[in-house]
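>>> Compute the structure for the input listed below.
(one chain, ligands or ions: 2)
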Amino acid sequence: MREAILLVGGQGTRLRPLTIATPKPMLKVAGVPVTVHQIERLRSAGIDRVILGTSYRADVFAEGLGDGSDLGVEIVYAVEDEPLGTGGAIRHAADLLVSGPDDPVAVLNGDVLSGVDYAALIAGHVAADAAVTLHLTRVDDPRRYGLVPTDPHGRVLEFREKPTTPEEIVTDQINAGCYVFRRSVIDTIPSGRVVSVERETFPELLAADELVRGVVDDAYWLDLGTPQDFVRGSADLVLGRAPWPGHEPADALVLEGGSVAGSARVSAGSCIGRGATVAADAEVVGSVLLDGASVESGARVVSSVVGADAVVGATAVVEDAVIGDRARIGSGNELRGGARIWPDVELADTSIRFSTDA
Ligand code: GDD
Ligand code: MG
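Residues are numbered from 1 along each chain as shown. Ligands and ions are numbered 1, 2, ... in the order given. Model prediction:
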């Protein structure tokens, strides 16, 4: 058995209100939960058993994924009563592992779309007999991530989680949230308390002179933690920029039961959810309409998420915004620049009449 642990217990605060009812890894990008995208790629890499480390809204995972038989893997659940942090969650999930002490175990942050070659990462880890191997990626602005400088042989020198001062930005290589652990190393993480793998476990392994490797590549990589990155990730999947085996790249993806009027325009990787509708003369650009959402005539939705069964009224403009489930944006309103509307909120139609009403 080849096993992986998925860390899916975070609150997804930066994606509220979408994460009020649905934990971040179960949000759909291009119509499929992030976790499912990950499991499908893991399965192709030979992983056949997945332990989901859940805490926040654990029930949603079990309802959506069951025992994994639909996905061709065995899924088991390690539910934390209180969130144990990334390291604590890995230790907690380890109780369900069947791997032997020297076997490699993959561990993934549950909010990342990645094209990394998992099989090669695991093979390299085993060949090097490392304690841990980390996938690293390069980003323009590393401040939101964990910085991981390496020596010329790929040996990790240091961890700097979320650096705050310019002097701390010593590299553009960051922790891509995908690790391969030697199983026995997981067993050394203290159990029953909150542990950060980034701030505690990794630095301790370095201090103990264990071999911690970093593997940098140029594969597609995106953390979906913010609304902007969430819509980008979905669009990248639809457009074929992010890896999605079996998907035919397209300018827009209309899921089963979704409909787009002949005079409407949907583009830039937009995903129109199941039963969602885009009415005449409306425009949807680089956005995600969740299931049952509707965009009424002449409205414009750009780089935004429209929640399940939410309504964007006629001629309204929604740009760089997140609309909660079942909310209603009355006709003629304009929402821009990071606006967030909570579920069930109703914004009245504006009284301004447009020429189309004259
Ligand atoms: N089970 C469980 N319990 N999971 C958790 C917990 C917990 O207490 N806390 C966080 N997680 C999960 C989240 O659900 C998410 O999938 C993953 O762990 C990482 O948490 P984030 O909150 O998304 O962390 P981040 O994005 O700020 O930073 C992490 O990821 C970056 C790459 O995306 C760190 O690992 C950084 O070092 C890294 O660069
Ligand atoms: Mg994240």
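
>>> I'd like the average pLDDT over the strand or helix carrying Leu205.
Counting by DSSP states H and E, the element that carries Leu205 is helix 202-207. Across helix 202-207, pLDDT averages out at 97.

>>> Make residue 1 into 73 and carry on from there
I'll keep to 73 as the first residue from here, and by that count the last item is helix 274-279.

>>> got a list of contacts for that helix?
203-204, 228-231, 257, 284 (CB atoms under 8 Å, 6 or more residues apart in numbering). Quick note: C-beta positions are derived from backbone N, CA and C, even for glycine.

>>> I only care about those that end up buried; give me the ChimeraX line for that.
The buried residues among the contacts of helix 274-279 can be selected in ChimeraX (16 or more other CB atoms under 10 Å) with this line:
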select :203,204,228,231,257,284
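
>>> Contacting ligand 1 as well, which ones from the contacts of helix 274-279?
By CB under 6 Å from any ligand atom, no member of the contacts of helix 274-279 lies near ligand 1.

>>> Let me have the contacts of helix 274-279 in JSON lines, extended by distance to Thr298 and secondary structure.
JSON lines is the format used below for the contacts of helix 274-279 (distance: CB to CB, whole Å; DSSP: H, G, I helix; E, B strand; the rest coil):
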{"residue": "Ala203", "distance to Thr298": "32", "secondary structure": "coil"}
{"residue": "Val204", "distance to Thr298": "27", "secondary structure": "strand"}
{"residue": "Val228", "distance to Thr298": "26", "secondary structure": "strand"}
{"residue": "Leu229", "distance to Thr298": "29", "secondary structure": "coil"}
{"residue": "Glu230", "distance to Thr298": "26", "secondary structure": "coil"}
{"residue": "Phe231", "distance to Thr298": "22", "secondary structure": "coil"}
{"residue": "Val257", "distance to Thr298": "31", "secondary structure": "helix"}
{"residue": "Val284", "distance to Thr298": "28", "secondary structure": "strand"}
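
>>> Among the contacts of helix 274-279, which one sits closest to ligand 1?
Checking the contacts of helix 274-279 against ligand 1 by CB to the nearest ligand atom gives Phe231 as the nearest, at 7.8 Å.

>>> Contacts only, for the closest one.
Taking CB under 8 Å, 6+ apart as the test, what Phe231 contacts is 218-220, 247, 270-271, 274-275, 278.

>>> Wasn't Val148 part of a helix?
No - according to DSSP: H, G, I helix; E, B strand; the rest coil, the state of Val148 is strand, so it is not within a helix.

>>> Check it and give its pLDDT.
pLDDT, Val148: 98.

>>> Would you confirm that Met98 contacts Gln110?
No - with contact defined as CB atoms under 8 Å, Met98 does not reach Gln110; the gap is 11.5 Å.

>>> out of the two, which sits in the more crowded spot?
Neighbour totals were compared for Met98 and Gln110, and Gln110 leads with 25 against 22 (other CB atoms under 10 Å).

>>> I'd guess the more buried one is in a strand, am I close?
No - per three-state DSSP, Gln110 lies outside any strand segment and is helix.

>>> Ile119 versus that one, what's the distance?
Using CB to CB, to the nearest Å, we find Gln110 at a distance of 10 Å from Ile119.

>>> what's the answer for Pro95, then?
Taking CB to CB, one finds Pro95 at 21 Å from Ile119.

>>> what about these two, which has more around it?
Using other CB under 10 Å, the more surrounded residue of Pro95 and Ile119 is Pro95, with 29 against 22.

>>> Quick one: residues contacting the more buried one.
By CB under 8 Å, 6+ apart, the residues touching Pro95 are 80-82, 84, 126, 128-129, 132-133.
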